[in-house]
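Student: Have a look; sequence and predicted model below, questions after that.
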2 protein chains.
Amino acid sequence: MQPYELTATEASTLIAAKKLSCEELARSTLDRIEEREPIVRAWSYFDRAQVLRNARELDKTPPASLLHGLTFGVKDVIETADMPTQQNSPLYFKHQTGQDAVCVAVARYSGALIVGKTDTMEFASGGRVAATRNPNNLAHSPGGSSSGSGAAVADKQVQLAFGTQTGGSHIRPAAYNGIYGIKPTHGAISREGAKNYSHTCDTVGWYGRSVDDLQLVAGAFRLLDADEVKPVQLKGLRVGLCRSAHWALADPYARAALMEAGRRLEAAGAIVTDLTLPESFTRLDDARHVLIRGEGRAAFLSEYLGPKRHLLDKHFLDIIHNSTKITPAKMVAAYDLAAECRRAFDGLFGPALDVILTPSSPGEAPEGTSDTGDSIFNATWTLLHVPCVGIPVGMSPKFLPVGIQLVGPRFTDSQLLAIAHACAPVIHENAALTKFEETETAIV
Amino acid sequence: MQPYELTATEASTLIAAKKLSCEELARSTLDRIEEREPIVRAWSYFDRAQVLRNARELDKTPPASLLHGLTFGVKDVIETADMPTQQNSPLYFKHQTGQDAVCVAVARYSGALIVGKTDTMEFASGGRVAATRNPNNLAHSPGGSSSGSGAAVADKQVQLAFGTQTGGSHIRPAAYNGIYGIKPTHGAISREGAKNYSHTCDTVGWYGRSVDDLQLVAGAFRLLDADEVKPVQLKGLRVGLCRSAHWALADPYARAALMEAGRRLEAAGAIVTDLTLPESFTRLDDARHVLIRGEGRAAFLSEYLGPKRHLLDKHFLDIIHNSTKITPAKMVAAYDLAAECRRAFDGLFGPALDVILTPSSPGEAPEGTSDTGDSIFNATWTLLHVPCVGIPVGMSPKFLPVGIQLVGPRFTDSQLLAIAHACAPVIHENAALTKFEETETAIV
């Protein structure tokens, strides 16, 4: 086994025991990246010499945390002090601010090795798509907008990576690439230094190759509920299986993955019951559209007014020109609906419900790279501000991963990770060997 | 009259008519700054040669907007491409990212002349205070955290300036310095590139020396309600006079200013009635405290983990160490209360109410520079996300300005400015000559 193949948690243990040096891990990682980059195209920037230099520095430094020496990719809409942040936009060609985004600084000060910048959709919004391919099946998309981060973690080019989600940009690529990901509670992680699109929806998250990996990173961020985590037992765990109002849009594999996950959890002793969200929640998709367009209009105004406006994709001109006719009244109604649903969502949890199990994408990744998939199974949770953990379940006949996500109430990120830790071994058992056919597995 | 004495609107007219060049205005401005800076200490950075160079460039460029050539100060927590952003923190000594915050870029692309960076409280939060003095009475504070921006505009060192408000950091200095200011609807102006503290409360605003000046800047930001503004007549305007639950904390001058403004509006034909906010609103101050501490914990984590932690004021260590014991449950309750009150607030407006008239500070500015005043008359409106326009009313016996603010519902910023435009000449009539004594003027 090569060092690059280790999960973050495995490597962390070896580095702490001095059985693996940061430089060894870095060299193996860089070799892997250089071998795979021409095929997968996950990266918009990396500098071998710089990474090795930083790894050697880390080998001379006492570990600051369990992240010491672990390899981290950073979505290219998130600022890095020592690398450009190009946002997949010619307006930001070679743009470098010399300042880390807060999330990058937290990882770096915790000892993580920042390996490079991963390709993204233009401003993590729309317009230009990443050049990245799905490492599971190169003819398909890795999803977006966190395209490169998802593909790089899945392809074992890096152990951990930051992504962002404004609709489904983080959890959907987790599903398409067959990896783990967390979109934390909105605001639990600072977004300073990540390109703004919609301040109500923008959320920084991270990918790993196990729930343990996600928890390692969560530890560095000192989440507010970290001290309150209760032990989780699958036996008696109350799981709400939520097909969502968009079930008709789920392909056979997404359906099979959700039902298979429910069946497995039930077999392990969980109490799985169907959950239908209140009627008002069906209006959240429209509300999110209103907010991202209305808030995006303020976010992209400076690029629009600048001398390089002609280099912006039409997507952004439409936002500034208010092509979907967002009004103050629509904005206010959208904010208020979201707030009302957030409170109602919390009310679902309690004696009858510990966690929600729901699709993380409409199914397998789309063919080609221009269509990065639909956020229809993510947007509601994003606007609700609730934490989501993506877990792989199985593979479609084209060898494309399909997954599910677990969802909990706001500011229970550490608890949700503990639940995911208990559920993942059951849900994900033999994921690479679990092949779904075009039939829907029935749930008892 | 020297060019520096012109309001933004007056200068804009002269520049458009080619009766004043950008360079002439810049020279006059710089002379004024150099004369006054040793006394008022409003600036953390300005570079005469750079400003003159940019002014000469503007003179060669066709005007992009009515802001062409107007002089703009920028609070030093807001990034500027060509000047350092030092945040009144030794961690950011000479720190320069090479990128403009969105608000700065919008002003710059609209032709504004960015003159320099204004002093602030540490990270616009707490800890170190600005060195700035109140230009009306140097023995007193200009307020904070937008200390330098408020003082510079009041002292005619600059025509316009950006500030930020998370509690009362923008409107309170407007009152203390005797100038006009707008804190727009939360999210109407992008905060990207302004230091994050509380994403729920942080708001970028601007100062001017007239309502026209504020409107000039609003035009550049293309506010969502700009096309919907209805003409405003004082006769019949329904004004809710809101003493607020904190009236007992208002000094005699704040009380007199509010009552005098109400009396004058009434004399001009407005229908002024007492307004008491619903009982639940009294809990917003506590909710805001919970949110700024909880969100601040994520915002300042990177500074805390970095190698210069020892240079942070204890204020920030307390936030990271969660000294006020913020819990997830408190955060959620605070978000939900704020959302509930926002909706209830909108419900107050309609046939019976056009605008709220309320104190903008507890009264005259505190003595010295270490106490920048209390945000008790601002925090509610900040958390409600509603637009506020500060208007000067008169002077205390110590020749310290006192003001009021007008408040409207979310996303009615342009309409609120139109109301302020109608009200200000009445409210502000002879403000410099209106001397309040230690008695409360009764309202009919």
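Tutor: Nice, thanks for sending it over. Remember, it's a predicted structure, so these values are computed and weren't measured experimentally. Numbers count the residues shown, from 1 in each chain, chains lettered A, B, ... in the order given.
Student: What ranges does chain A have for its strands?
Tutor: Assigned by DSSP state E, the strands in chain A fall at A:43-46, A:71-75, A:113-118, A:160-165, A:180-183, A:203-208, A:238-241, A:271-274, A:355-359, A:388-395, A:401-407.
Student: For residue B:106, find the nearest of the ones you listed.
Tutor: Closest approach to residue B:106 among the strands of chain A (C-beta to C-beta): strand A:160-165, 23.1 Å. Yep, even glycine has a C-beta here, placed from its N, CA and C like the rest.
Student: Name the single longest helix found in chain A.
Tutor: Longest helix of chain A, by residue count under DSSP state H: helix A:328-348.
Student: ok, and does that one reach over to chain B?
Tutor: Yes - contact of helix A:328-348 with chain B (C-beta under 8 Å from any C-beta of the partner chain) involves A:328, A:331-332, A:335-336, A:339-340, A:342-343, A:346.
Student: quick revisit: tell me which of the strands of chain A lies nearest to chain B.
Tutor: Of all those, it is strand A:203-208 that lies closest to chain B, at 10.0 Å by C-beta to the nearest C-beta.
Student: Off-centre distance for the closest one?
Tutor: Centre-to-centre, strand A:203-208 and its host chain are 5 Å apart (C-alpha atoms, centre = their mean, to the nearest Å).
Student: Might you report the residue contacts of residue A:67?
Tutor: Listed by C-beta atoms under 8 Å, 6 or more residues apart in numbering or on different chains, the contact partners of residue A:67 are A:8, A:12, A:107, A:110-112, A:216-217, A:220.
Student: Sort out which residues of the longest helix of chain A are buried, please.
Tutor: In terms of neighbour count (16 or more other C-beta atoms under 10 Å in any protein chain shown), helix A:328-348 has its buried residues at A:328, A:330-343, A:345-346.
Student: hmm, back to that, neighbour-wise, which one of the contacts of residue A:67 leads?
Tutor: residue A:217 (30 neighbours; other C-beta atoms under 10 Å in any protein chain shown).
Student: picking that back up, same list (the residues of helix A:328-348 next to chain B) but as JSON lines, adding pLDDT.
Tutor: Below are the residues of helix A:328-348 next to chain B laid out as JSON lines (pLDDT from 0 to 100):
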{"residue": "A:328", "pLDDT": "97"}
{"residue": "A:331", "pLDDT": "98"}
{"residue": "A:332", "pLDDT": "98"}
{"residue": "A:335", "pLDDT": "98"}
{"residue": "A:336", "pLDDT": "98"}
{"residue": "A:339", "pLDDT": "98"}
{"residue": "A:340", "pLDDT": "98"}
{"residue": "A:342", "pLDDT": "98"}
{"residue": "A:343", "pLDDT": "98"}
{"residue": "A:346", "pLDDT": "96"}
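Student: Show me the two of those residues that sit farthest apart.
Tutor: Within these, A:328 and A:346 form the most distant pair, 28.0 Å apart (C-beta to C-beta).
Student: Just the CA atoms of stretch A:423-430, as PDB, please.
Tutor: Taking C-alpha atoms only, stretch A:423-430 is exported to PDB below (Å, rounded to 0.1, in the frame of the first residue of the first chain):
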ATOM      1  CA  CYS A 423     -24.400   4.200  10.300                       C
ATOM      2  CA  ALA A 424     -21.700   4.300   7.700                       C
ATOM      3  CA  PRO A 425     -20.200   0.800   8.100                       C
ATOM      4  CA  VAL A 426     -23.700  -0.600   7.700                       C
ATOM      5  CA  ILE A 427     -24.800   1.700   4.900                       C
ATOM      6  CA  HIS A 428     -21.500   1.500   3.000                       C
ATOM      7  CA  GLU A 429     -20.800  -2.200   3.500                       C
ATOM      8  CA  ASN A 430     -19.300  -3.400   0.300                       C
END
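Student: Which residues of the stretch 1-150 of chain A lie near chain B?
Tutor: Counting by C-beta under 8 Å from any C-beta, the stretch 1-150 of chain A comes close to chain B at A:64, A:95-100, A:102, A:105-106, A:109-110.
Student: quick one: which of these is nearest to residue A:22?
Tutor: Nearest to residue A:22 among the residues of the stretch 1-150 of chain A next to chain B, counting by C-beta to C-beta, is residue A:64 at 12.3 Å.
Student: For the residue nearest to that closest one when sequence neighbours are not counted, list the residues it contacts.
Tutor: Using C-beta to C-beta, 6 or more residues apart in numbering or on different chains and skipping residues adjacent in sequence, the residue nearest residue A:64 is residue A:111, 4.5 Å away. Residues near residue A:111 by C-beta under 8 Å, 6+ apart: A:58, A:61, A:63-65, A:67-70.
Student: repeat that with 10 Å
Tutor: Contacts for residue A:111 (C-beta atoms under 10 Å, 6 or more residues apart in numbering or on different chains) come out as A:12, A:15, A:22, A:58, A:61-70, A:220.
Student: Check residue A:337 too.
Tutor: Per C-beta under 10 Å, 6+ apart, neighbours of residue A:337: A:280-281, A:283-284, A:286-288, A:290-291, A:383, B:343.
Student: can you give me the helices in the stretch 301-444 of chain A?
Tutor: For the stretch 301-444 of chain A, helices defined by DSSP state H, counting those that start in this stretch occupy the ranges A:301-305, A:314-320, A:328-348, A:379-384, A:413-427.
Student: Is the fourth one in proximity to chain B?
Tutor: No - shown here: helix A:379-384 not in contact with chain B (C-beta under 10 Å from any C-beta of the partner chain), separated by at least 11.5 Å.
Student: That helix packs against which elements?
Tutor: On a contact count with 3 or more C-beta pairs under 10 Å, 6 or more residues apart in numbering or on different chains; DSSP states H and E, helix A:379-384 meets strand A:160-165, helix A:284-299, helix A:328-348, strand A:355-359, strand A:401-407.
Student: Any idea which of those gets closest to residue A:267?
Tutor: That would be strand A:355-359 among these, by C-beta to C-beta, at 13.9 Å.
Student: what lines up beside that closest one in the sheet?
Tutor: strand A:238-241 (parallel), strand A:401-407 (antiparallel) (DSSP bridges).
Student: So which of those is the most surrounded?
Tutor: Of all these, strand A:401-407 has the most neighbours on average by mean count of other C-beta atoms under 10 Å in any protein chain shown, namely a mean of 28.
Student: Report the distance from it to the chain centre.
Tutor: For strand A:401-407, the distance to the chain centre is 11 Å (C-alpha atoms, centre = their mean).
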